[in-house]
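1. Just the structure for this:
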Amino acid sequence: MIEFGTGGWRAVIGDGFTRQNIQLLAKAMSMKMKREGVEDQGIVIGYDRRFLSKEAVKWACEVFVAEGIRCLFVNRSSPTPLVMFYVEKHKLPYGMMVTASHNPAIYNGFKVFTYGGRDASAEQTQEIEAYARSVKQEEIRWIEYEKAKASGLVEEFNPLNEYLDNIIDKIDMKAIRDRGLHVVLDPMYGVSQTAIKTILSTARCEIDLIHETHDTLFGRRMPAPSRESLTELCKYVTEMDCDLGIATDGDADRLGVVDDTGKYLHANDILVLLYYYLLKYKGWHGPAVRNVATTHLLDRIAESFGEKCYEVPVGFKYISAKMTQTGAIIGGESSGGMTVRGHINGKDGIYAASLLVEMIAVTGKKLSELMKEIEQQYGRCHVAELSRSFPSERREELKKLLYEDKLLPAFARPIERVSYLDGCKVYFKDGGWVIARFSGTEPLLRVFGEMEDEETAQQYCRDFFHFLGIDE
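-> As a prediction, this is how the structure comes out:
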């Protein structure tokens, strides 16, 4: 019942996400920690605003304590990157976060972080799954939470200030103070408002908030900062004459942005802006890392500065590992996750938002002006993304067609090469590309395409679905 995807273990609340399975996961983690001899170092656990998140931490703590493992319980709903930061800063062997990130409200789950504050690797999560399969329910011991807390093996605390001070030390707060910016924040009913508001208020920004209340249904929409979900933020920016709008997903590890004209900027645009800013305006040197479904405009920028852009599979663990290996200064993905060298080894929407505000202040330019500056030098790439569900019984058939038979649509433009690093990615000789891959967090097939205009990119995505027999 415990199966990890690219973003941790996620399941429908009341179906797979149950007290029984949470206890099973905690038992499996306890077994892994004991096998590695790190049980005496303890584990830190946080949670977001989803339904049953806080209760899930307590259920996990009850098992850990019964196994003699100390739990550091972040006792307020918190951003995922805070837990990653704490694991890295305090050299803990493991951390866990109760969240389903940007998934629909009916989901919840756990993310696991390892030494250095990194997302658990595929090998590590496979070990956890194996331990879980080996456990019989009657073997799981647990101690009622209040008794566990009284034992001294559960410590409730809130390390938010330590995390915020770390970001503030890395951001040019003086430049932001001198600019006097007006920013509107949309936490999407999630956990970012206290962190971002504290950072930007300290820098004397004028901060407005929308959708900041606690709503486990996320306003009956996906807690993902997409074009469709940020229409109110776009409207607010233009009506209130804001310098920019910032949005974060449910657990604040992904970022969405609206520029000064009220235009939604795709995550690809944000990643390009920040890499360009670090290279040109801050004078940093180093490559970039992106996943297979992220814009190749990063490659053009890297090449122009004598740098390289590395491509990795989907899953931020691959990005952070490649950044460490190559000394890259930025890594990111088209779904809104990104990080910068010198910060945590995982995605952080709060730090990325702070750096974006710094960029406006330091350059003295509006976001719309910076995007035009980049387009004039490197051209414009349009990325389309379509996701569709399909009958579960077709999954193996589709995998065979794509990965074994290696069949492709009859595309109208010549193909340069095909990669099966993660999914099926077709590179065209003119520089465009299209990729089909199965989601690692939801029962969906996703197709991404990048072309010279949006309609062409959309059409190539539709062509792929039509070829696979998955039409709307």
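2. Can you classify residue 112 by secondary structure?
-> Taking DSSP: H, G, I helix; E, B strand; the rest coil as the rule, one finds residue 112 in the strand state.
3. all helices for the stretch 51-200 of the chain, in order.
-> Listed in chain order, the helices of the stretch 51-200 of the chain (DSSP state H, counting those that start in this stretch) span 53-66, 80-89, 122-134, 145-150, 160-170, 173-179, 193-202.
4. Could you find the residue nearest the spatial middle of this structure?
-> By Cα atoms, centre = their mean, the mean C-alpha position of the chain lies nearest to residue 337, the distance being 4.0 Å.
5. Now that one, what are its backbone angles?
-> As for residue 337, its main-chain torsions (degrees, to the nearest 10) stand at phi -90, psi 140.
6. for it, what are its contacts?
-> Contact analysis of residue 337 by Cβ atoms under 8 Å, 6 or more residues apart in numbering lists 253-255, 267, 316, 319, 347, 349. Bear in mind the C-beta positions are built from the backbone N, C-alpha and C, glycine included.
7. List the buried residues of stretch 124-141.
-> Residues of stretch 124-141 classed as buried under the neighbour-count rule (16 or more other Cβ atoms under 10 Å) are 124-125, 127-129, 131-132, 135, 140.
8. Give the burial count for residue 418, as a bare number.
-> Neighbours of residue 418 under the rule other Cβ atoms under 10 Å: 12.
9. Could you pull up the residues touching residue 33?
-> Contacts were defined as Cβ under 8 Å, 6+ apart; by that measure residue 33 touches 39, 43, 69, 93-94.
10. Now, those residues that are in strands?
-> Judged by DSSP state E, strands contain the following of the contacts of residue 33: 43, 94.
11. can you pick the most crowded of the contacts of residue 337?
-> Neighbour counts for these were taken using other Cβ under 10 Å; the highest belongs to residue 253, with 34 neighbours.
12. Tell me the backbone dihedrals of that one, please.
-> phi -100, psi 0.
13. Confirm for me that it is in contact with residue 78.
-> No - taking Cβ atoms under 8 Å as the definition, residue 253 is not a contact partner of residue 78, at 11.4 Å.
14. so is the closest residue to residue 118 other than its chain neighbours in a helix, a strand, or just coil?
-> The shortest distance from residue 118 to any non-neighbouring residue, by Cβ to Cβ, 6 or more residues apart in numbering, is to residue 345 (4.6 Å). In terms of secondary structure, residue 345 is coil; the call rests on three-state DSSP.
15. how about stretch 240-249 as CSV, C-alpha atoms only?
-> This file holds the C-alpha atoms of stretch 240-249, laid out as CSV (Å, rounded to 0.1, in the frame of the first residue of the first chain):
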residue,chain,number,x,y,z
MET,A,240,-4.4,47.7,-7.7
ASP,A,241,-1.4,48.7,-9.8
CYS,A,242,1.0,46.2,-8.1
ASP,A,243,4.6,45.6,-9.2
LEU,A,244,4.0,41.9,-9.2
GLY,A,245,1.9,39.1,-8.0
ILE,A,246,3.3,36.0,-6.2
ALA,A,247,1.6,32.6,-5.8
THR,A,248,2.8,29.4,-4.2
ASP,A,249,1.4,25.9,-4.2
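16. How far away from the center of its chain is it?
-> In this view, stretch 240-249 has its centroid 19 Å away from the chain centroid, taken as Cα atoms, centre = their mean, to the nearest Å.
17. per-residue confidence averaged over it?
-> When pLDDT is averaged over stretch 240-249, the result is 97.
18. What's the separation between the residue lying closest to residue 187 once chain neighbours are set aside and residue 350?
-> On the basis of Cβ to Cβ, 6+ apart, the spatially nearest residue to residue 187 that is not a chain neighbour turns out to be residue 193, at 4.4 Å. Residue 193 sits 10 Å away from residue 350 when distances are taken as Cβ to Cβ, to the nearest Å.
19. between these two, who's got more neighbours?
-> Here residue 193 and residue 350 are compared on neighbour count by other Cβ under 10 Å; more neighbours surround residue 350, at 26 against 20.
20. where's that one, which helix or strand?
-> With elements taken from DSSP states H and E, the one containing residue 350 is helix 349-363.
21. so what's the residue nearest to residue 187 up against?
-> Shown in contact with residue 193 (Cβ under 8 Å, 6+ apart): 185, 187, 209, 212.
22. One more: residue 462?
-> Taking Cβ under 8 Å, 6+ apart as the definition, contacts of residue 462 comprise residue 386.
23. and the helix or strand harbouring it, which residues are buried?
-> With the criterion set as DSSP H and E, the secondary-structure element containing residue 462 is helix 454-468. Within helix 454-468, the residues that count as buried by 16+ other Cβ under 10 Å are 456-465, 467-468.
24. Also stretch 363-375?
-> Taking 16+ other Cβ under 10 Å as the neighbour-count basis, stretch 363-375 is seen to contain the buried residues 363, 365, 367, 370-371, 374.
25. Out of these, list just those in helices.
-> 363, 367, 370-371, 374 (DSSP state H).
26. got these as JSON lines, with pLDDT and distance to residue 35 columns?
-> As requested, these are arranged in JSON lines below (pLDDT from 0 to 100; distance: Cβ to Cβ, whole Å):
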{"residue": "363", "pLDDT": "98", "distance to residue 35": "51"}
{"residue": "367", "pLDDT": "97", "distance to residue 35": "49"}
{"residue": "370", "pLDDT": "97", "distance to residue 35": "50"}
{"residue": "371", "pLDDT": "96", "distance to residue 35": "50"}
{"residue": "374", "pLDDT": "97", "distance to residue 35": "49"}
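27. Just name the closest of the residues you listed to residue 332, please.
-> Distance to residue 332 across those (Cβ to Cβ) is lowest for residue 374, with 15.3 Å.
28. isn't the closest one right up against residue 274?
-> No - taking Cβ under 8 Å as the definition, residue 374 is not a contact partner of residue 274, at 11.1 Å.
29. distance of the residue nearest to residue 333 when sequence neighbours are not counted from residue 346?
-> Closest residue to residue 333 apart from its sequence neighbours, by Cβ to Cβ, 6+ apart: residue 291 at 4.7 Å. As judged by Cβ to Cβ, residue 291 and residue 346 stand 14 Å apart.
30. Residues contacting stretch 389-403, please?
-> Here stretch 389-403 makes contact (Cβ under 8 Å, 6+ apart) with 407, 420, 423-424, 436, 438, 443-445, 468, 470.
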